[in-house]
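Colleague: here's my sequence, what's the structure:
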Amino acid sequence: MSKLNNNTKTFHQYETLSDLLEALSPYISARALARICDMSESQMLQYKAGIKKISSKNIVRINEKLRTFAAELSEFTLKGA
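Modeller: Numbering: from 1, shown residues only. Below is the predicted model:
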């Protein structure tokens, strides 16, 4: 993992999908990431296991969908606190 600082934000970059999923594992499973990214679960699991090599097109797709998902999550709140 490497960290990139962009003014006030820190971005975490991972070399492999498996490393990314390991970092996300307390919150998001490979199957959940597949749903978030509109990809098949079997394809995501093959990428995770290293059975299939992930294309640069799918890397871009995953990064875009993760950012969109994170932005959508930030809009949720629990009323009453």
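
Colleague: just the element for Glu75, please.
Modeller: If you go by DSSP states H and E, Glu75 is not part of any helix or strand.

Colleague: so who does it touch?
Modeller: The contact partners of Glu75, by Cβ atoms under 8 Å, 6 or more residues apart in numbering, come to none. Where C-beta positions appear, they are placed from N, C-alpha and C, glycine not excepted.

Colleague: now Lys53
Modeller: Contact analysis of Lys53 by Cβ under 8 Å, 6+ apart lists Tyr47.

Colleague: quickly note the distance from it to Tyr47.
Modeller: 8 Å (Cβ to Cβ, to the nearest Å).

Colleague: assumed Phe11 was part of a helix.
Modeller: No - Phe11 is assigned strand when assessed by DSSP: H, G, I helix; E, B strand; the rest coil, not a helix.

Colleague: neighbours of it, how many?
Modeller: Residues lying near Phe11 (other Cβ atoms under 10 Å) number 9.

Colleague: distance of it from Ser29?
Modeller: Phe11 sits at a distance of 22 Å from Ser29 (criterion: Cβ to Cβ).

Colleague: ditto for Gly50
Modeller: Taken as Cβ to Cβ, the span from Gly50 to Ser29 is 17 Å.

Colleague: export the lengthiest helix in the chain as CSV, just CAs?
Modeller: Counting by DSSP state H, the longest helix found in the chain is helix 56-73. Presented in CSV, the C-alpha positions along helix 56-73 are these (Å, rounded to 0.1, in the frame of the first residue of the first chain):
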residue,chain,number,x,y,z
SER,A,56,-6.8,-1.7,-16.7
LYS,A,57,-10.4,-1.0,-17.8
ASN,A,58,-11.8,-2.9,-14.8
ILE,A,59,-9.3,-1.2,-12.5
VAL,A,60,-10.7,2.2,-13.6
ARG,A,61,-14.2,0.9,-13.2
ILE,A,62,-13.6,-0.4,-9.7
ASN,A,63,-11.9,2.9,-8.7
GLU,A,64,-14.8,5.0,-10.1
LYS,A,65,-17.5,2.8,-8.5
LEU,A,66,-15.7,2.9,-5.1
ARG,A,67,-15.5,6.6,-5.1
THR,A,68,-19.2,6.9,-6.1
PHE,A,69,-20.2,4.4,-3.4
ALA,A,70,-18.1,6.3,-0.8
ALA,A,71,-19.8,9.6,-1.8
GLU,A,72,-23.2,8.0,-1.5
LEU,A,73,-22.4,6.6,1.9
